[in-house]
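Enquirer: Build me a model from this:
(chains A and B)
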There are 2 protein chains.
Amino acid sequence: MAKDKVKKTPRPRAETPRGFRDYFGAEVVERRRMLDAICDVYHAYGFDPLESSAVETVEALGKYLPDVDRPNEGVFAWQDDDESWLALRYDLTAPLARVFAQHRLSLPTPYRRYAVGPVWRNEKPGPGRYRQFYQCDADTVGTQTVAADAEICMMLADAFEAIGISRDDVIVRVNNRKVLNGVMEEIGVLDPSDPGIRAHERGIVMRAIDKLDRLGEDGVRALLGKGRLDESGDFTKGAGLSADQAEIVMGFVAARRDTGAATCARLCELVGNSATGAEGVVELETIAELMEAQGYASRAIIDPSVVRGLGYYTGPVFEAELTFEIVDEDGHRRQFGSVAGGGRYDDLVKRFTGQAVPATGISVGVDRLLAALRAIGRAGGAEASGPVVILVMDRDRMADYQTMCGELRRAGIRAEVFLGGGNMARQLKYADKRNAPVAIIEGGDERAAGVVQLKDLDLGARLSSEIASREEWREQPAQQTVARTDLVPQLRAMLARAEARGPAVARDGNGAA
Amino acid sequence: MAKDKVKKTPRPRAETPRGFRDYFGAEVVERRRMLDAICDVYHAYGFDPLESSAVETVEALGKYLPDVDRPNEGVFAWQDDDESWLALRYDLTAPLARVFAQHRLSLPTPYRRYAVGPVWRNEKPGPGRYRQFYQCDADTVGTQTVAADAEICMMLADAFEAIGISRDDVIVRVNNRKVLNGVMEEIGVLDPSDPGIRAHERGIVMRAIDKLDRLGEDGVRALLGKGRLDESGDFTKGAGLSADQAEIVMGFVAARRDTGAATCARLCELVGNSATGAEGVVELETIAELMEAQGYASRAIIDPSVVRGLGYYTGPVFEAELTFEIVDEDGHRRQFGSVAGGGRYDDLVKRFTGQAVPATGISVGVDRLLAALRAIGRAGGAEASGPVVILVMDRDRMADYQTMCGELRRAGIRAEVFLGGGNMARQLKYADKRNAPVAIIEGGDERAAGVVQLKDLDLGARLSSEIASREEWREQPAQQTVARTDLVPQLRAMLARAEARGPAVARDGNGAA
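Expert: Model prediction:
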């Protein structure tokens, strides 16, 4: 009878929405550890944490405004009960501008803040491209001095070192939009008294420079001129510069010399009579001097080939690259590449207050940086292995197993009692799935004899994998009977041996696909 | 000319959306520290971190379904490009059910996970009531054994200890819905063969018990019977139980005895012939035994007065209370009260898969727990004070100040060079606003003499506040000239004196209101 009343509704699908994903176990631990190390550096530099709300008014976010029906320009937005439009933040810079404008009377100036958290983009998802991802930003708001820009570049270099990237493997490149604008003035595509004219051509120039890595000099030169025909036969219209004009731009891109001072001297020639350009060169000189004085000359350099895509930068721009090589999906060796970028933006707060508030900052691409750490084996995955698992050989003795487990935890060993159902084989399978380094077995016989069995699952996994066969730790005991009273020291010794063998062999995985 | 083209648009308002807020500096640090300590305990217990996406399909979240136009039943929801409805998660349990259903073939069973993060509720905001707030959950999915419930209660007790709450100040109460259902059967308001009948009355009974703290015994008794007239004259309809029936329910609520065993014996009487009730009592007995065996008897008890509001609990329910007294807004002393709750829910995964998957878990009210830590001075606010600030007396010597600053950071001292504009008074005002413990001054004279001035801003703030006047550290030097070569040890000594004085005096604040 009761059953008849139950309305049959189809079961909901257990799926993350399109373009979203979950992060499990070691992935979460590794990211947390990396971000903590970065934030510790930011904190030591006097930066304060800020956690703004994930939801902003569309009005405050700006740029992406809702159309009549619904906004779909890159943000997730919806209408609140009071008809106002709300949206998930798409980066951490727009919220910072809102926060500073809102709280400027109570916040210190300059306001140095760091922020870590997810941002959301309503974009078409693709492989490795998600609609929710992490950003980690540091910004200094309210000061014009380029000492703030230099500080951010040095702080970033320190952050890389703190997470285990060696000084030789990272380079922070610094350029200045003002210098590029000076060059544009010099070749006649920028009139400071009317910046609207030929803005379109300047955009093409900027994007062309940004593609130097991919297209090479000839490709960029083509885009500066009439345009470029790619391999597929598609034609991209160029900026229409003359050969002489293009030559000057290419000279700018290639202006990097051995020292910051030499690069600045070359830039000085290129900007000619442009006041903006000259100002930009002086700023770069100051930045180079400050970074050299603190011993960062080899890690942070002036490089005119850095442009940065975003339109809102107004002065110095930065980009951090990892220079070690990896093998990409196509089997080619290539440099790891860019993992952070930023620059000076003086107009974001002005939107709210009408007063220009100078600001500069850096944003770390968290997922790419974590991928880099994994590539060089510094993400800490080994330590992120599973807990020691105590098998339950006798269900009525749960309290004893929990007591044993408490003993291990108090000794600082991550441990758990198996709480599922099933025989020993099933329990060991569970322990493998957890990437447990060791399983502990105490059945009735062991109990009577005052001993426990320690099963080295890490070693077991190696012995059954090919790479292990030639190794000398083949002689190590994969299972040991130890006195119950010696459990902690014997277990510690076994864990130490496992750690000495290096990162655990992948077993059934300790999380989901 | 160019100006004419600029369209005058009104400036956006710099405001968080209604019901949202930002968190600054020490607030973020304190919360992070508390959550890290809790998660370390969860991790040591073998629980794995999970970070699910903030956005779920409305279908997967369940419960709140969108109406024709737009959903507004407590969640923030919107339509995706493909017409499906998306929403921000409103808790961490519904996403866990989705994750487990989605990844059940690759996840270990039991799956123990912890999760920390913001959740969103589309509710009317009020004082201290925000539409985005943190939750911190731990759950064990896929096992029926109440050893998992006992483990979670003990782990919670350990977590409280780890964040600095003494064992005497916390109590974890455990009850069992099955026992209450047994009592309901016994008084004839629950027919196990047709649970739909009188479900409404049972809901009233459950909510009445939940209000025992606030309404007292008489109030609850009134709600069990015909109903209750409150002070304002409003009448709340009751469950309509007879005096005898109500007496049995009240007996259940008051069934707590000195030991878990004694309480269970009393409950056994109350559930009479109900099979469900008897099962519930056995479960509570097991939980009590396991907790006593691990030495938690004084901190984790069986208490039948705990009901928990949520409908989805099916077995043991838990609630953690802090028992120390605070003075509330009305000047009354009262116990701090509930800071965490949870229980067993066996049907959440079933929604997706059709198969019942037993699960149990706990959720910590992060903001309330942090408020509790602040109330007892254990939130770590003192250490969360500002950086040492190096004043810029000579702009041309920025590199020297940065060198000095680097020296301090390498010595583990949080420090920064002032990067704003303004004279010494303005720089000191900034340092105060940052809650800087010390300011360092090195002008031309100091430089020539090889010395620096250390200004103890913490002491300065105390001396100018009344509470300081009688203290002996009035004799401590508020400003000291030290040799430049002695900077680090002398600064360390000054910082140690400041720390010894206890939490910093509130100055201009180190964040926004």
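
Enquirer: Please report how far A:Asp191 lies from A:Ser274.
Expert: Distance of A:Asp191 to A:Ser274, computed by C-beta to C-beta, to the nearest Å: 11 Å. The C-beta positions use only the backbone N, C-alpha and C, and glycine is treated the same way.

Enquirer: what about the residue of the stretch 1-150 of chain A found nearest chain B, how many residues close to it?
Expert: Among the residues of the stretch 1-150 of chain A, A:Gly46 lies nearest to chain B; the distance is 2.9 Å by C-beta to the nearest C-beta. Using other C-beta atoms under 10 Å in any protein chain shown, A:Gly46 has 26 other residues around it.

Enquirer: dump the residue contacts of it.
Expert: Residues near A:Gly46 by C-beta atoms under 8 Å, 6 or more residues apart in numbering or on different chains: A:Arg112, B:Gly386, B:Pro387, B:Val389, B:Arg414, B:Ala415, B:Glu416, B:Arg434.

Enquirer: tell me the contacts of the residue nearest in space to the middle of chain A?
Expert: Closest to where the C-alpha atoms of chain A average out (C-alpha atoms, centre = their mean) is A:Val366, at 1.1 Å. Going by C-beta under 8 Å, 6+ apart, A:Val366 touches A:Arg31, A:Met34, A:Leu35, A:Val116, A:Phe133, A:Tyr134, A:Gln135, A:Cys136.

Enquirer: Export the contacts of A:Gly46 as a markdown table, with columns for neighbour count, pLDDT and distance to A:Val253.
Expert: Below are those laid out as a markdown table (neighbours: other C-beta atoms under 10 Å in any protein chain shown; pLDDT from 0 to 100; distance: C-beta to C-beta, whole Å):
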| residue | neighbour count | pLDDT | distance to A:Val253 |
| --- | --- | --- | --- |
| A:Arg112 | 26 | 97 | 32 |
| B:Gly386 | 25 | 91 | 43 |
| B:Pro387 | 26 | 95 | 39 |
| B:Val389 | 28 | 97 | 40 |
| B:Arg414 | 19 | 95 | 40 |
| B:Ala415 | 23 | 96 | 38 |
| B:Glu416 | 26 | 96 | 35 |
| B:Arg434 | 28 | 93 | 41 |
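
Enquirer: Just to be sure, which of those are found in strands?
Expert: A:Arg112, B:Val389, B:Ala415, B:Glu416 (DSSP state E).

Enquirer: Please render those as a markdown table that adds distance to B:Ala54 to the earlier fields.
Expert: As requested, those are exported to a markdown table (distance: C-beta to C-beta, whole Å):
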| residue | distance to B:Ala54 |
| --- | --- |
| A:Arg112 | 27 |
| B:Val389 | 37 |
| B:Ala415 | 36 |
| B:Glu416 | 33 |
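
Enquirer: Farthest pair within these?
Expert: Greatest spatial distance among the ones in strands among the contacts of A:Gly46 (C-beta to C-beta): A:Arg112 and B:Ala415, at 12.1 Å.

Enquirer: what's the spacing between stretch A:83-102 and its chain's center?
Expert: On the basis of C-alpha atoms, centre = their mean, to the nearest Å, stretch A:83-102 sits 21 Å off its chain's mean C-alpha point.

Enquirer: So which bits of that stretch are buried?
Expert: Neighbour counts over stretch A:83-102 (16 or more other C-beta atoms under 10 Å in any protein chain shown) mark A:85-90, A:92-102 as buried.

Enquirer: and if you look at stretch A:427-434?
Expert: In terms of neighbour count (16+ other C-beta under 10 Å), stretch A:427-434 has its buried residues at A:Gln427, A:Leu428, A:Tyr430, A:Ala431, A:Asp432, A:Lys433, A:Arg434.

Enquirer: Alright, that wraps it up for me.
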